[in-house]
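>>> A structural model of the following input is requested.
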Amino acid sequence: MAPEAPEDAERRPRLTPAMADARRAVRAHLADIEAGGLVLVALSGGPDSLALAAATAFEAPRAGLRAGAVIVDHGLQEGSAEVAERAAKQARGLGLDPIQIERVRVDLYGGGMPVSGDDAIRGTGGTGGPEAAARAARYAALEVAAVEHGAAAVLLGHSLDDQAETVLLGLARGSGTLSIAGMAAVAGLYRRPVLGLRRETLAQACVDQGLEPWHDPHNDDDRFARVRVRHRILPLLQRELDPGIVDALARTAAIARDDADALDLMVDEVAEELVELEDGGCSVPVAWIAANPRALSSRLVRLVARVEFGLSLTRAQTLEVLRLATDWHGQGAVHLPGVRVNRAANRIVFTAV
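Alright, predicted model coming up:
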């Protein structure tokens with residue numbers, strides 16, 4: 001190997017602990033991707049995604065992979081187009097290619113409409129508030145870009161602090177194990193390489209490489225629940241409960257996700273034997289639902305509703321279906337959106353209506 005030219009050595013930043021942590025985390029996530037494949041970094045220009053982009057630009061070629069970036073311009077702030085162009089310029093400076101800016105229109109009230117021409121919409125937000133609407137539009141745009149470029153994975157810059165905030169928000173909603181489990185490190189197309197790193201580490205990695213991240217003013221707007229958790233709730237818990245609360249919440253997420261994954265796998269396996277297809281629907285045995293813990297039986301009911309009918313059931317709806325097996329006294333059918341569920345002899349029958 002030829003010795004490194006002096007000018008190259010001068011341009012390359014000296015490896016620091018923060019840079020090493022980011023690169024090591026990315027390297028682990030690239031290890032199982034087939035050589036020659038493309039990974040796309042979802043780049044906002046903020047500290048977390050910029051540090052991820054820099055680490056990916058360094059590690060991907062060494063793993064025999066190509067690395068590019070997708071910048072989603074939500075159009076929610078004045079000057080958002082300039083912010084997107086700035087991020088694209090930084091991505092080019094890091095050597096990422098391809099680089100694509102996806103412009104979306106976030107409909108905060110649901111039912112967004114496509115825009116023609118240069119402003120063609122790549123994703124629209126639905127109901128659930130501005131955060132949910134922007135997230136829906138963003139993921140739609142990322143998926144479109146991944147398909148267009150044939151990407152093997154899209155890398156997201158969520159940090160350990162993001163995970164802790166997600167767990168707290170899930171606890172506040174009372175929405176069960178899945179919310180407490182937080183964000184998965186790998187979820188289909190999406191990977192979160194720096195999910196185990198603190199936000200301050202990623203910010204330091206940017207400083208160490210001379211990168212100037214963009215700071216989203218929405219991250220300081222306490223109209224958003226996540227911002228209030230970040231700036232008020234977590235600091236309070238750190239002061240009054242435990243300085244290590246962020247790590248503790250992330251550990252809770254990991255434990256909850258392991259448990260949830262194990263239960264889901266068990267139900268997926270038994271569903272192949274238990275679920276029988278019927279005319280216009282399917283059925284499951286009463287005896288299995290009645291004999292098994294609710295953690296399993298409720299998962300089976302939700303699995304059937306999701307896979308066979310495209311429904312996401314609430315806890316209340318799930319419990320009503322379970323009562324057909326566990327608290328049977330001749331009651332009538334449970335009516336779900338587009339589905340009727342009734343007990344017929346020794347089976348719970350789901351029928352499309």
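
>>> now do the same end-to-end measure for stretch 21-37.
With C-alpha to C-alpha, to the nearest Å applied, stretch 21-37 spans 23 Å between its terminal residues.

>>> Kindly apply the preceding question to stretch 171-186 instead.
Stretch 171-186 end-to-end distance (C-alpha to C-alpha) = 22 Å.

>>> quick one: average confidence on that stretch?
Here stretch 171-186 scores 85 as its mean pLDDT.

>>> what's that stretch in contact with?
Contact with stretch 171-186 is made by 29, 158, 162-163, 166-167, 169-170, 191-193, 195-196, 225, 250, 252-253, 256-257, 259-260, 315, as judged by C-beta atoms under 8 Å, 6 or more residues apart in numbering. Any C-beta I mention is one placed from the backbone N, CA and C, and that applies to glycine too.

>>> average pLDDT across stretch 200-218?
94.

>>> can you give me the offset of that stretch from its chain's centre?
On the basis of C-alpha atoms, centre = their mean, to the nearest Å, stretch 200-218 sits 22 Å off its chain's mean C-alpha point.

>>> and the end-to-end length of it?
Stretch 200-218 end-to-end distance (C-alpha to C-alpha) = 18 Å.

>>> Now do that stretch: everything it contacts.
Contacts for stretch 200-218 (C-beta under 8 Å, 6+ apart): 13-14, 16, 18-19, 21-22, 44-48, 50-52, 54-55, 76-77, 83, 86-87, 90, 157, 159, 194, 224, 227.

>>> and what of stretch 141-154?
29, 33-34, 37-42, 65, 68, 70, 72, 98, 100, 102, 104, 122-123, 189-191.

>>> try 6 Å this time
33, 37-40, 42, 70, 72, 98, 100, 102, 104, 122-123, 189-191 (C-beta atoms under 6 Å, 6 or more residues apart in numbering).

>>> Separate out the buried members of these.
33, 37-40, 42, 70, 72, 98, 100, 102, 104, 122-123, 190-191 (16 or more other C-beta atoms under 10 Å).

>>> tell me which of these is nearest to residue 59?
residue 39 (9.6 Å; C-beta to C-beta).

>>> For that closest one, report the pLDDT, please.
Per-residue pLDDT puts residue 39 at 98.

>>> The stretch 101-250 of the chain: helices as residue ranges?
Ranges of helices in the stretch 101-250 of the chain, per DSSP state H, counting those that start in this stretch, are 129-149, 160-173, 177-180, 199-208, 225-228, 234-240, 245-274.

>>> buried sites along the second one?
Judged by neighbour count using 16+ other C-beta under 10 Å, the buried positions of helix 160-173 are 160-170.

>>> And for the first one?
Counting neighbours by 16+ other C-beta under 10 Å, one finds that the buried residues in helix 129-149 are 130-131, 133-146, 149.

>>> can you check the third one too?
By neighbour count, with 16+ other C-beta under 10 Å as the criterion, the buried positions of helix 177-180 are 179-180.

>>> likewise the fifth one?
Of the residues in helix 225-228, those buried under the neighbour-count criterion (16+ other C-beta under 10 Å) are 225-227.

>>> now the fourth one
Burial within helix 199-208, assessed by neighbour count using 16+ other C-beta under 10 Å, is assigned to 199, 201-206, 208.

>>> where along this structure do the strands fall?
38-42, 66-73, 99-103, 153-155, 186-187, 190-191, 276-278, 281-285, 334-336, 339-344, 347-352 (DSSP state E).

>>> Any chance of the ones you listed in CSV with distance to residue 319 as columns?
Formatted as CSV, the strands of the chain follow (distance: least, C-beta to C-beta, whole Å):
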stretch, distance to residue 319
strand 38-42, 37
strand 66-73, 38
strand 99-103, 41
strand 153-155, 36
strand 186-187, 27
strand 190-191, 31
strand 276-278, 23
strand 281-285, 16
strand 334-336, 10
strand 339-344, 12
strand 347-352, 13
